Each structure stands twice: as C-alpha cells, then as structure tokens.
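Build me a model:
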Amino acid sequence: MVWMSLIPFFAPILMFGRIVVQTPPLWQILSSVVLLIGTEALLLVLCARIYRIGVLIYGKRATLPEVLKWLKYAKA
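A predicted model of the protein is given here:
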C-alpha cells in the first residue's frame, strides 16, 4: 500500500485513504504530491509535442507508430 500510494496513477485515491485511516509520514505525502505534479508536467509536454506535430496532418488517424515517430520528430 505504501509503494502503490507513491505511483502517480494511484496516488490521489490511495494517499487520501491512507491519510484518513492513519496519517503517513510527511515525506511520503510530499513525495506523492511531487511525483504526481512531475508526472502531469511530463505528460503535458509529451501531449503538446504530439499535438503540435499531429495537428498538421488533417484527416488521418494517429496510430501508435506514427505518434512515436512524431515524438522523435518533435525533439529535433
């Protein structure tokens, strides 16, 4: 439960539950929040790159290989 509450996907639910049942150490709460915010920032950057490249291709569905190619192209 401790490690699962630090994984950003599960953190909002599990950390809240842990705080209600028995308050975890402050460092675990802060690390959960920092990891969650960092993951959101990283995903925002990746989504922005995909959108910037992908929006230029009209009428075409994005497949996983194309999205990965766009991510590589956006880094350059």
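
Just the buried positions in the longest helix along the chain, please.
What stands out as the longest helix in the chain, according to DSSP state H, is helix 26-54. Residues of helix 26-54 classed as buried: Gln28, Ile29, Ser32, Leu36, Arg49, Ile50, Ile53, Gly54 (neighbour count, 16 or more other CB atoms under 10 Å). Where you see a C-beta, it was placed from the backbone N, CA and C, and this is true even at glycine.

Equivalent analysis for stretch 67-76, please.
For stretch 67-76, by 16+ other CB under 10 Å, it's Trp70, Ala74.

Can you tell me what sits against it?
Applying CB atoms under 8 Å, 6 or more residues apart in numbering, the contact partners of stretch 67-76 are Leu46, Arg49, Ile50, Arg52, Ile53, Gly54, Ala62.

of all these, which comes closest to Pro24?
Leu46 (29.9 Å; CB to CB).

who's in contact with that closest one?
Leu46 touches Leu71, counting by CB under 8 Å, 6+ apart.

hmm, 10 Å instead?
Val67, Leu71, Ala74 (CB atoms under 10 Å, 6 or more residues apart in numbering).

Dump the residues you listed into TSV; add pLDDT, distance to Ser5 and secondary structure as well.
Conversion of the contacts of Leu46 to TSV gives the following (pLDDT from 0 to 100; distance: CB to CB, whole Å; DSSP: H, G, I helix; E, B strand; the rest coil):
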residue	pLDDT	distance to Ser5	secondary structure
Val67	83	30	helix
Leu71	81	30	helix
Ala74	73	33	helix
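
low pLDDT regions in the protein?
Across the chain, the ranges flagged by pLDDT under 70 are 56-59, 75-76.

Tell me how far the residue at minimal distance from the centre of the chain lies from Pro25.
The centroid of the chain falls nearest to Thr39 when counting by CA atoms, centre = their mean (3.8 Å). Here the criterion is CB to CB, to the nearest Å. By it, Thr39 lies 21 Å from Pro25.

swap in Ala62?
Taken as CB to CB, the span from Ala62 to Pro25 is 43 Å.
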